[in-house]
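Q: give me coordinates for this.
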Amino acid sequence: MRSVLMTILLTAALLGCRDDIPPIVSGNVVDGGLFMGEFVLARTGHPAKEWELTKPQIDQVNLWLQSHRDGWETIVASPPPPSLSIRLTHTDKTQSRVDLFDINNNWREAMVIHAANASNNGIRHISIQEREELLAIVGKNP
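A: A predicted model of the protein is given here:
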C-alpha cells in the first residue's frame with residue numbers, strides 16, 4: 001500500500017512539473033511518414049504528404065493545445081509509428097512534435113507530444129471529436 005501511495009505521489013509531482021508549451025510560430029505536418037531530423041521517411045507503399053501550416057492554422061493549433069493542457073500522462077512504453085505528425089517551432093526556437101495514430105481504436109484516441117525538454121513528453125487521451133477538430137485545423141482531408 002505504501003509503494004502504491006508513493007507511486008501516485010511521484011506521478012503527481014512529475015505531472016505537476018510539466019512546463020507550459022511556449023507559443024507556436026511555425027509548423028508543418030507529415031501525413032503517412034515519419035520525421036527523421038530534417039528528413040521525412042515515407043512508410044512502405046504509402047507516399048508521405050507534407051505541408052506547412054498557415055498563420056491562421058498556427059493560431060488555432062496554439063488555442064487547441066492550450067485548451068488541452070491538462071490530462072497528460074508520462075509515456076511508459078514506446079508508441080507505434082504515427083500516422084500523422086505535426087512538427088511545431090516555438091517562440092523560444094525549440095521544436096516539439098504532436099503525433100496521432102491510426103493503428104487501432106485505442107491509439108486513435110491517443111495523442112503523444114514530444115517536447116524539446118524530454119521531461120515534458122506525454123500521452124493524452126482525446127475523443128474522436130477532439131481528434132477530428134485538430135485534423136481539420138491542420139488541413140487533413142478525410
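Q: what residues are up against the residue nearest the centre of the chain?
A: The centroid of the chain falls nearest to Val98 when counting by Cα atoms, centre = their mean (2.1 Å). Taking Cβ atoms under 8 Å, 6 or more residues apart in numbering, we find Val98 in contact with 65, 85-86, 88, 111-114, 134. Just so you know, the C-beta spots here come from the backbone N, C-alpha and C atoms, and that holds for glycine as well.
Q: how many neighbours does Ile113 have?
A: 21 (other Cβ atoms under 10 Å).
Q: which stretches in this structure count as helices?
A: With DSSP state H as the definition, the chain shows helices at residue ranges 2-16, 55-67, 105-108, 128-137.
Q: pretty sure Leu65 contacts Pro23?
A: No - in this structure Leu65 lies outside contact range of Pro23 using Cβ atoms under 8 Å: 9.7 Å.
Q: who's more crowded, those two?
A: Leu65 (20 against 14).
Q: give me every residue that touches that one.
A: Residues counted as contacts of Leu65 (Cβ under 8 Å, 6+ apart) are 21, 24, 98.
Q: return the member of these nearest to Pro79.
A: The shortest approach to Pro79 among the contacts of Leu65 belongs to Val98, at 11.9 Å (Cβ to Cβ).
Q: distance of the closest one relative to Pro22?
A: Val98 sits 14 Å away from Pro22 when distances are taken as Cβ to Cβ, to the nearest Å.
Q: ok, the contacts of Leu65 vs Asp59, which is closest?
A: Ile24 (8.4 Å).
Q: contact partners for the closest one?
A: With the criterion set at Cβ under 8 Å, 6+ apart, Ile24 makes contact with 58, 61-62, 65, 88-91.
Q: hey, where'd the strands end up in this protein?
A: For the chain, applying DSSP state E gives strands covering 24-31, 33-36, 39-42, 49-52, 84-90, 95-100, 110-114, 122-125.
Q: rank those by mean pLDDT and give me the bottom one.
A: Comparing mean pLDDT across the strands of the chain, the lowest value falls on strand 39-42: a mean of 56.
Q: to Ile75, which of the strands of the chain lies closest?
A: When these are ranked by distance to Ile75, counting by Cβ to Cβ, first place goes to strand 122-125 at 5.1 Å.
Q: list the buried residues in the closest one.
A: By 16 or more other Cβ atoms under 10 Å, the buried positions in strand 122-125 come out as 122-124.
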